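Trainee: model the following, please.
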Amino acid sequence: MGTRRMCYAVVLVAVMSAGLAGAQGPVDDQQPQFHPGPPKNWMNDPNGPMYYKGYYHLFFQYNPMGPSWGHMSWGHIISKDLAHWSHLPVALSPDEDYDKGGVFTGSATIRDDGTPIIVYTCVGHGQLQCIALPNDTGDATLSAWHKPAQNPVISQAPPGGTTGQFRDDTTAWKSPDGSWRMVVGASIKGVGSASLWKTTDFYNWTFAGVLADSNTNAGMWECPDFYPAVGDSKGRYVLKYSAGGDWYRLGDYDPAHDTFKPSTEPGRYDYGQFYASKRFYDPVKKRQILYGWSAEEDHDAASRGWQGHQTLPRSVTIDEELDVLLMTPVEELEVLRKNHTSITSIKEIAPGVQMLENVQGLQLDIVLVVKVPNGKSSVGVAVRASADLHNMTSILVGQENLHGPLNNTDMPGDDYRGFVYPLHSDDATNAENCSATCTAEAECVAWTYVRQGDPHNPRCALKKGLPSTRPSSCCISGSKNNSAISTLTVNRTVSGGTGNQGSRSGPLPTKSSDTNISLRVFVDHSMVEAIAQDGRSCITAHVYPPASNDRIALVNFGDSPVEIVSLDIYQMDSCWIPPP
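Mentor: The predicted structure follows:
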């Protein structure tokens with residue numbers, strides 16, 4: 001669960017069970033219309049996604065009583081095609097003594113008899129684990145659920161843990177011994193951990209050890225996930241955890257001994273406003289499908305009466321050459337496309353900003369493919385632009401020549417730890433030490449050395465991501481690989497409106513065989529999703545300019561023109577339909 005303010009309150013059950021059913025129209029011109037989310041009030045973590053009897057189900061953390069966190073319940077929407085969604089009544093409410101503080105995040109598992117069961121974190125007397133069952137397994141919409149008398153089914157934290165930090169159950173999987181396994185996020189002796197539990201009936205659980213941990217005092221691993229990597233010839237698994245972003249590692253799972261050995265350094269699902277993700281296995285197309293919670297990024301959200309949406313569903317596969325996961329929007333989303341515009345008259349993106357004529361909108365799917373530029377470059381599209389181009393949000397793919405150390409260069413953000421040097425110590429020696437420390441730590445991607453400033457000691461900042469560079473006389477920066485790194489960036493410095501004006505940036509893995517660069521951008525009012533190179537890098541972000549800022553432009557902040565291979569723009573329809 002992404003927001004962790006504990007709120008123990010007696011909740012009016014009549015209010016909590018109020019229906020969400022019905023089609024959805026915009027509350028205001030900032031509210032997304034083809035991203036899953038409730039019509040009003042607060043929403044955070046995706047919960048219990050599954051496919052059952054012809055319907056895709058998505059539950060989510062929901063406050064039916066207002067647009068701020070609290071009274072945590074499970075909202076519920078369903079879809080036949082992962083593109084069109086319908087609201088159903090609230091599925092689970094905090095109506096028992098053991099979950100009076102909230103029905104927190106959990107998952108759904110399809111059991112051997114083909115029926116689903118939900119395991120969730122019940123908050124009443126600490127954070128414990130409870131189950132819920134459908135009232136009618138013949139009802140494909142699973143519109144009503146009940147909680148058995150045996151709850152809570154896990155009534156104590158793992159050894160060395162605490163019930164104050166023990167939450168967010170994964171989907172269970174079958175072990176060779178015939179029993180089920182499940183991971184629950186925990187802090188064990190101050191270390192973020194994926195605690196492992198086993199059962200034969202989902203009512204009686206036994207602690208089975210720690211599948212993996214952070215090896216540091218990271219505090220808590222929220223919303224873990226564990227699943228086989230689709231398309232991996234080595235048969236590896238994905239371990240994901242939420243801690244200042246959603247991180248994953250590929251590795252070898254030994255089910256006979258319940259051990260997981262990572263084989264890659266940590267990677268990120270998404271370098272933007274993306275957290276507490278959850279995926280499920282789709283038996284229809286034999287794929288893993290992922291959702292992530294994207295929280296608002298301005299201070300006016302509560303006043304609008306709604307907060308939060310889920311990202312569009314993404315299919316998770318692996319690129320074995322790069323050894324990274326690919327996050328690709330599911331193909332079913334194309335049914336929402338309408339009013340296609342193919343730009344064929346523009347052959348290249350010249351340096352500068354070029355407005356596109358006769359095409360604009362607030363609900364868009366933009367697909368741009370360009371030839372790989374030579375040398376340093378930064379090219380892409382600008383969306384939510386004003387007619388005079390004074391305001392815009394630029395989505396860029398480019399290459400930063402991080403042949404560190406780069407003097408007078410800062411890379412703000414994505415710090416995971418730092419340390420200081422003595423006053424008046426030598427800058428060159430310190431910067432060399434900072435770089436070497438980054439090289440030695442698996443989590444480190446980049447580093448920044450900050451020179452002494454009155455009254456501050458010089459210090460080293462180690463980074464788990466690759467922020468954009470900016471000029472700064474106080475800093476020396478570099479990357480772990482000490483080489484040119486391609487990036488995906490959402491630049492919001494001139495977006496306008498009330499939202500966060502900072503940029504979001506992340507590394508874009510490349511291959512020597514790449515001849516083209518693809519960029520797909522979804523614009524849904526205030527929500528922007530950027531996907532580069534078919535899912536090698538993703539960024540989700542929010543901007544809040546006025547609705548009149550609906551123009552599109554091509555941008556090139558490099559020195560040379562970049563050839564366009566193709567540019568297609570689609571208007572997107574709303575995803576909401578009435579319930580069955």
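Trainee: show me the residue at the heart of the protein, geometrically.
Mentor: Phe274 (3.1 Å; C-alpha atoms, centre = their mean).
Trainee: any idea how far that residue is from Gln127?
Mentor: Remark: distance between Phe274 and Gln127 (C-beta to C-beta, to the nearest Å) = 24 Å. Heads up, the C-betas are built off the backbone N, CA and C, glycines and all.
Trainee: do a quick rundown of the strands in the stretch 251-400 of the chain.
Mentor: Using DSSP state E, counting those that start in this stretch, the strands of the stretch 251-400 of the chain run over 259-262, 267-268, 275-282, 287-294, 306-307, 309-310, 314-319, 324-329, 337-342, 348-349, 352-360, 363-371, 377-385, 393-401.
Trainee: spatially nearest residue to Tyr544, not counting backbone neighbours?
Mentor: The shortest distance from Tyr544 to any residue other than its chain neighbours is 3.6 Å, reached at Gly497 (C-beta to C-beta, 6 or more residues apart in numbering).
Trainee: for the one you found, give me phi and psi.
Mentor: Here is the backbone geometry of Gly497 (degrees, to the nearest 10): phi 80, psi -160.
Trainee: just checking, it touches Ala547?
Mentor: No - Gly497 is beyond contact range of Ala547, at 10.4 Å (criterion: C-beta atoms under 8 Å).
Trainee: what sits against Ala350?
Mentor: Ala350 makes contact with 556, 561, according to C-beta atoms under 8 Å, 6 or more residues apart in numbering.
Trainee: Gly497 and Ala547: which is more packed in?
Mentor: Gly497 (20 against 11; other C-beta atoms under 10 Å).
Trainee: contacting residues for the more buried one?
Mentor: Contacts of Gly497 (C-beta under 8 Å, 6+ apart): 298, 391, 543-546, 549.
Trainee: picking up where we left off before, how far away is the residue nearest to Tyr544 from Arg504?
Mentor: In terms of C-beta to C-beta, Gly497 sits 16 Å off from Arg504.
Trainee: how far out from the middle of the chain is stretch 301-321?
Mentor: 6 Å (C-alpha atoms, centre = their mean, to the nearest Å).
Trainee: repeat for stretch 295-305
Mentor: Its chain's C-alpha centre lies 19 Å from the corresponding centre of stretch 295-305 when counted by C-alpha atoms, centre = their mean.
Trainee: same thing with stretch 283-294?
Mentor: Mean C-alpha position of stretch 283-294 versus that of the full chain (C-alpha atoms, centre = their mean) differs by 12 Å.
Trainee: and what of stretch 204-213?
Mentor: 26 Å.
Trainee: tell me the mean pLDDT for it?
Mentor: For stretch 204-213, the mean per-residue pLDDT is 96.
Trainee: looking at the strands of the stretch 251-400 of the chain, spot the one closest to Asp201.
Mentor: Closest to Asp201 of the strands of the stretch 251-400 of the chain, according to C-beta to C-beta: strand 275-282, at 21.6 Å.
Trainee: counting by contacts, list what that closest one packs against.
Mentor: Counting contacts by 3 or more C-beta pairs under 8 Å, 6 or more residues apart in numbering; DSSP states H and E, strand 275-282 is packed against strand 41-52, strand 102-110, strand 222-228, strand 237-242, strand 246-254, strand 287-294.
Trainee: helices of the chain, start to end?
Mentor: 13-16, 301-304, 427-440 (DSSP state H).
Trainee: burial of the nearest residue to Lys511 once chain neighbours are set aside, as a residue count?
Mentor: Among residues not flanking Lys511 along the chain, Glu321 sits closest, at 6.4 Å (C-beta to C-beta, 6+ apart). The tally of other residues near Glu321 (other C-beta under 10 Å) stands at 10.
Trainee: pretty sure Glu321 contacts Pro509?
Mentor: No - counting by C-beta under 8 Å, Glu321 stays clear of Pro509, with 9.3 Å between them.
Trainee: burial count for the spatially closest residue to Thr171 that is not a sequence neighbour?
Mentor: Nearest residue to Thr171 in three dimensions, chain neighbours excluded: Ser107, at 4.3 Å (C-beta to C-beta, 6+ apart). By other C-beta under 10 Å, 26 other residues sit near Ser107.
Trainee: go ahead and confirm Ser107 touches Asn47.
Mentor: Yes - contact status for Ser107 versus Asn47: in contact at 7.1 Å, counting by C-beta under 8 Å.
Trainee: need the residues touching each of the two.
Mentor: Common neighbours of Ser107 and Asn47, using C-beta under 8 Å, 6+ apart, are 120, 278.
Trainee: that older thread, quick check, the residue nearest to the centre of the chain in contact with Gly292.
Mentor: Yes - shown here, Phe274 and Gly292 form a contact pair, counting by C-beta under 8 Å, at 4.4 Å.
Trainee: what residues are shared contacts of the two?
Mentor: Overlap of the contact sets of Phe274 and Gly292 (by C-beta under 8 Å, 6+ apart) consists of 246, 311, 540.
Trainee: just the closest of these to Glu441, please.
Mentor: Asp246 (19.9 Å).
Trainee: quick check: closest non-adjacent residue to Glu443.
Mentor: Lys464 (5.3 Å).
Trainee: shouldn't that neighbour be in contact with Trp447?
Mentor: No - contact criterion C-beta under 8 Å: Lys464 and Trp447 do not qualify, at 10.9 Å.
Trainee: higher neighbour count, the two?
Mentor: Set Lys464 next to Trp447 and count neighbours by other C-beta under 10 Å: Trp447 wins out with 28 against 21.
Trainee: okay, and the beta partners of the more buried one?
Mentor: On the basis of DSSP bridges, Trp447 is bridged to Leu462, Gly478.
Trainee: what sits against it?
Mentor: 404, 434-435, 437-438, 460-463, 477-480.
Trainee: hmm, back to that, need the helices of the chain in TSV (columns: distance to Leu356 and mean neighbour count).
Mentor: Converted to TSV, those look like this (distance: least, C-beta to C-beta, whole Å; neighbours: other C-beta atoms under 10 Å):
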stretch	distance to Leu356	mean neighbour count
helix 13-16	47	13
helix 301-304	29	16
helix 427-440	41	17
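Trainee: and the nearest residue to Gln156 once chain neighbours are set aside, how many neighbours?
Mentor: Distances taken as C-beta to C-beta, 6+ apart put Thr163 closest to Gln156, at 7.1 Å, once the chain neighbours are dropped. When counting by other C-beta under 10 Å, one arrives at 16 neighbours for Thr163.
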